[in-house]
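Peer 1: Pasting the sequence and the predicted model now:
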Amino acid sequence: MSDKTQTAAANGNGGLSQAEIDEMVAAADTGGRVPSPAIAKFIMIVAIIWSLFQLWIASPIPFMINFGVFNDTEARSFHLAFALFLAFLAYPAQRTPVQLGLGLGVPALLIVLFMVGAKEGTAVWWIPIVGIIVMAAIFLGSPKDRVPPWEWAMAIVGAATSLYLYFFYDAIATRVGAPIMQDFVVAVIGILILLEATRRALGPALMIVSTVFLAYTFLGPMMPGIIAHKGNSLSEVVNHQWITTEGVFGIALGVSTSFVFLFVLFGSLLDKAGAGNYFIQVAFSLMGHMRGGPAKAAVVSSAMTGLISGSSIANVVTTGTFTIPLMKRVGFSSEKAGAVEVASSVNGQIMPPVMGAAAFLMVEYVGIPYFDVVKHAFVPAVISYIALVYIVHLEAMKANMQGLPRAVAPKPLVAWLISLAFTIAVICALSFAVYYGMGWIRPAFGASAGYVVFVLLVAVYVGLLRVACREERLKLEDPNAPVTKLPLPGPTIRSGLHFLLPVVVLVWALMVDRLSPGLSAFWAAAFMVFILITQRPIEAIFRNEGNVPGAVAQGFRDLLEGLEAGARNMIGIGIATATAGIIVGAVSQTGVGSALADVVEVLSGGNIMAILLLTAVLSLILGMGLPTTANYIVVSALLAPVIVTLGQQNGLIVPLIAVHLFVFYFGIMADVTPPVGLASFAAAAVSGGDPIRTGVVAFFYSLRTAALPFLFIFNTDLLLINVDWIHGIFVFITATIAMLLFAAATQGWFLTRNRIHETVALLLVAFTLFRPGFWMDMVAPPFVEVPPAQIEQAMADATPGSSIRLTVNGLNAVGDPVTFTAPLTVPEGATGADRLLATGVEYVDNAGTIMIENVTFGSPAQEAGLDWDQEIVQVLSPAPQPTKYLMYIPALLLLAGVVLMQRRRGQPQPKQATA
């Protein structure tokens, strides 16, 4: 047996040793280079400076002292400069033949493209020289134990090309659209170095996709007719991609600079304080005793970790190192244990408030407040996690698994319910007290209210820390050691309640005070800095351990390590958002989005389900190998407009947030789906299972996540759109039941093993609970068609606030004929003519042909896409309809029939626990 195999067998993971797992995490998230101590310290200092810079620009201090204020473009310039500099120092380039071939081939291709795109008379002799120098630096090698001179040069030059926008900001502003030779040189070098940094930090996928889009930008006339365009010159590409904020320095990098860094830093500081281990231990103490308990605990701990994590792979390895061996111990195979961890970790990317940083991008791309993004994403994310816990339960039922032994006998059911009700009551009382107390403090203390709140927060923090110090310190147990008993829930929860305070600060600032995400994360991170500095010395005092000065020094070391970890975790995200900006820039410059819509329309034949399925598959393909942030940027830039455009043309009116969540869900599914499911490979490395089989099992576990986007596209109640809170609770309960039934159907087990007709019945019930309107629309259509000439009468008959739909023929932006459906909310008005005019529409009747004569600027009609000289060919007026929830009656009767059939067959009794 080899040494590696012995190590793996010894540690119980079945795959990699702990040291190899740690190395894999570093290579994926923080950089795999291990240089000399002096260089490592230099990298640490640069990373800490980056974190401090980001805290500085996010804080109100620069504006208070009127010093060190950076505008958005200048801040993005520094952000990318730090990311590029650290990428070449921290990430050695892989030397496999494929990686080396891509590393040399991409610059060579770009050199050709740049020379092809140069206008006649532009000097291009320097482009091959630049490319050869970059390729030589790549070819010379990238050792893991040191940073050679050519990589120092690439790091410095890369940072300089980014800082060019800061130092020449005023000069560039005077020549936008007319770059000079200096701009050409900086942009060409910057793009080459950025793509090489992408290959090192993120692998080849994003680099290849970005290169393809650059090639498409230059070679537009050579493309097939349906996606051909005029082509863009080097001057236009340099101006669009590097000199302005349309490409590399666009919205995506801006969000990374303003919001994402601070949330990643907050998560790193929280983890450094010990919150990560606390989340895992709490999950095990609460759920470890249940059937398949370690797997359920893995789901819950991954959900809690996903709240602050920006990487599904990091989530897999962080929690999976502990949870996967325990899952295997209670009966899960290596592949199923890895698949549970993959499914739960990837789901962390759809969990508000961070959503793998995509939440902040949605704010910019969709144009709605951050609070609304979180509100719309909440229900699907939570019911998806509840369903995954249920899937784990079903797997345990199938195999008659047992949980881990409890330290004490469980409470009687009545006592447990009383305890739960009391806990909920206390939490509610505290929430009301805090909410109304804050409402009293601010007017009472005026400008000093902030200091009063901080003093109260510190008092609560010290009190909770005092409670924690009465319990034993939490230790990360060895998952391969025999488990004789689970930790007690009460002491485990009490031992880290102070870790929840920064999360409360963050959520309060975001949801109650409605501060910007950047400022909210700043205050939460600032409070975490305070906790890291004070936690150890206060604990030393409360525990009577002495050596308070040593605890203070250790607290500052923890802070510096947290600042370094936050910056190093951001290297890949900063690089990803900048490189994804190339794709976004190419989409806006070439109009490929409309061309892609034409392709999807041709392939789908205009069928709305086919359109959604094709878009889902394209999102999976485009998301392969991309980190969450870059993944969302790419799929939202390319595919969200496809659904909006084609849906409108086929009568499906979908809110923009629903479309963006649709493509986002399928984009992150690429982390699960073979053959490029990166999270599945990471989990298999820990479990020792087969990565492809792990990915296949994880995909079936994730079918619930794949079903949700189709459901909320057609039933936006799931996203709490235009839903009051009572209706919202009802939607949450029914959607959760529906998702559990869907999980039971797809797993082939409900009360006992399903028969085929029972699976079909469960799917039918789940669908009806999710979308009762589908059946009700067949029984009583929600709209009736009226002749276009009677549009005023339709407006007069409709109830104000309802929606009337107009199908119109017109021309799109490029002059091609197009037919689409536009919804108009019926306003108040004395007559139908008044109401129609209030929407912004004026029309003429040309011998029975209703033509739009004028549309008021900024009116609801213009926002719906209506314009002058369009023909109204169909008017759909709202019709009275019974409540769609009547369809729950036959669905529940059918469910009752399935329950009776399965209860008659009985279910196997669980086996006794074995040693």
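Peer 2: Everything's here; your move.
Peer 1: For the host helix or strand of A153, name the packing helices and strands.
Peer 2: Following DSSP states H and E, the helix or strand that holds A153 is helix 149-167. Contact partners of helix 149-167 among helices and strands, from 3 or more Cβ pairs under 8 Å, 6 or more residues apart in numbering; DSSP states H and E: helix 72-90, helix 126-139, helix 181-202. Using the backbone N, CA and C atoms, a C-beta is placed for each residue, glycine as well.
Peer 1: and that helix with helix 126-139, angle?
Peer 2: Here helix 149-167 runs at an angle of 130 degrees relative to helix 126-139 (axes from the mean of the first three to the mean of the last three Cα atoms, to 10 degrees).
Peer 1: Now helix 149-167 - C-alpha only, PDB.
Peer 2: Extracted in PDB, the C-alpha atoms of helix 149-167 (Å, rounded to 0.1, in the frame of the first residue of the first chain):
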ATOM      1  CA  PRO A 149      11.300  37.300 -11.400                       C
ATOM      2  CA  TRP A 150       9.100  37.000 -14.500                       C
ATOM      3  CA  GLU A 151       6.000  36.500 -12.300                       C
ATOM      4  CA  TRP A 152       7.000  39.500 -10.200                       C
ATOM      5  CA  ALA A 153       7.100  41.400 -13.400                       C
ATOM      6  CA  MET A 154       3.700  40.200 -14.500                       C
ATOM      7  CA  ALA A 155       2.200  41.100 -11.100                       C
ATOM      8  CA  ILE A 156       3.600  44.600 -11.200                       C
ATOM      9  CA  VAL A 157       2.700  45.200 -14.800                       C
ATOM     10  CA  GLY A 158      -0.800  43.800 -14.300                       C
ATOM     11  CA  ALA A 159      -1.400  46.100 -11.300                       C
ATOM     12  CA  ALA A 160       0.000  49.100 -13.300                       C
ATOM     13  CA  THR A 161      -2.400  48.500 -16.200                       C
ATOM     14  CA  SER A 162      -5.300  48.600 -13.700                       C
ATOM     15  CA  LEU A 163      -4.000  51.700 -11.900                       C
ATOM     16  CA  TYR A 164      -3.700  53.400 -15.300                       C
ATOM     17  CA  LEU A 165      -7.400  54.500 -15.000                       C
ATOM     18  CA  TYR A 166      -6.600  56.100 -11.600                       C
ATOM     19  CA  PHE A 167      -3.500  58.000 -12.500                       C
END
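Peer 1: residues of whichever helix or strand comes after that helix that come out buried?
Peer 2: Sequence order places helix 169-173 as the next helix or strand after helix 149-167, per DSSP H and E. Within helix 169-173, the residues scored as buried using 16 or more other Cβ atoms under 10 Å are I172.
Peer 1: which outside residues touch helix 169-173?
Peer 2: By Cβ atoms under 8 Å, 6 or more residues apart in numbering, the surrounding residues in contact with helix 169-173 are 73-74, 165, 183, 243.
Peer 1: distance between it and the chain's centre?
Peer 2: 35 Å (Cα atoms, centre = their mean, to the nearest Å).
Peer 1: please begin residue numbering at 54 from this point
Peer 2: Done: numbering now begins at 54, and the last item shifts to helix 222-226.
Peer 1: helices or strands up against the helix or strand that contains R888?
Peer 2: Element membership for R888 (DSSP H and E) is helix 885-892. Packing partners of helix 885-892 (3+ Cβ pairs under 8 Å, 6+ apart): helix 844-850.
Peer 1: Show me what the helix it packs on is packed against.
Peer 2: Using 3+ Cβ pairs under 8 Å, 6+ apart, helix 844-850 is in contact with strand 856-864, helix 885-892, strand 924-931.
Peer 1: at 6 Å what do you get?
Peer 2: Using 3 or more Cβ pairs under 6 Å, 6 or more residues apart in numbering; DSSP states H and E, the elements in contact with helix 844-850 are helix 885-892, strand 924-931.
Peer 1: hang on, the earlier thing: would you turn the helices and strands packed on helix 202-220 into CSV with mean pLDDT, mean neighbour count and distance to D920?
Peer 2: Shown next, in CSV, are the helices and strands packed on helix 202-220 (pLDDT from 0 to 100; neighbours: other Cβ atoms under 10 Å; distance: least, Cβ to Cβ, whole Å):
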stretch, mean pLDDT, mean neighbour count, distance to D920
helix 125-143, 95, 25, 33
helix 179-192, 90, 17, 44
helix 234-255, 93, 23, 37
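Peer 1: With distance to L287 as extra columns, can I get those in JSON lines?
Peer 2: Output for these, formatted as JSON lines (distance: least, Cβ to Cβ, whole Å):
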{"stretch": "helix 125-143", "distance to L287": "21"}
{"stretch": "helix 179-192", "distance to L287": "9"}
{"stretch": "helix 234-255", "distance to L287": "7"}
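Peer 1: of all the ones you listed, which lies closest to D566?
Peer 2: Among those, helix 125-143 comes nearest to D566, with 22.9 Å by Cβ to Cβ.
Peer 1: What is the lengthiest helix in the chain packed up against?
Peer 2: The longest helix of the chain (DSSP state H) is helix 601-643. Contacts defined by 3+ Cβ pairs under 6 Å, 6+ apart place helix 601-643 against helix 90-111, helix 125-143, helix 234-255, helix 257-271, helix 304-308, helix 314-326, helix 570-595, helix 681-691.
Peer 1: Tell me how many other residues crowd V369.
Peer 2: V369 is flanked by 32 other residues according to other Cβ atoms under 10 Å.
Peer 1: That one: helix or strand, and which one exactly?
Peer 2: According to DSSP H and E, V369 maps onto helix 365-382.
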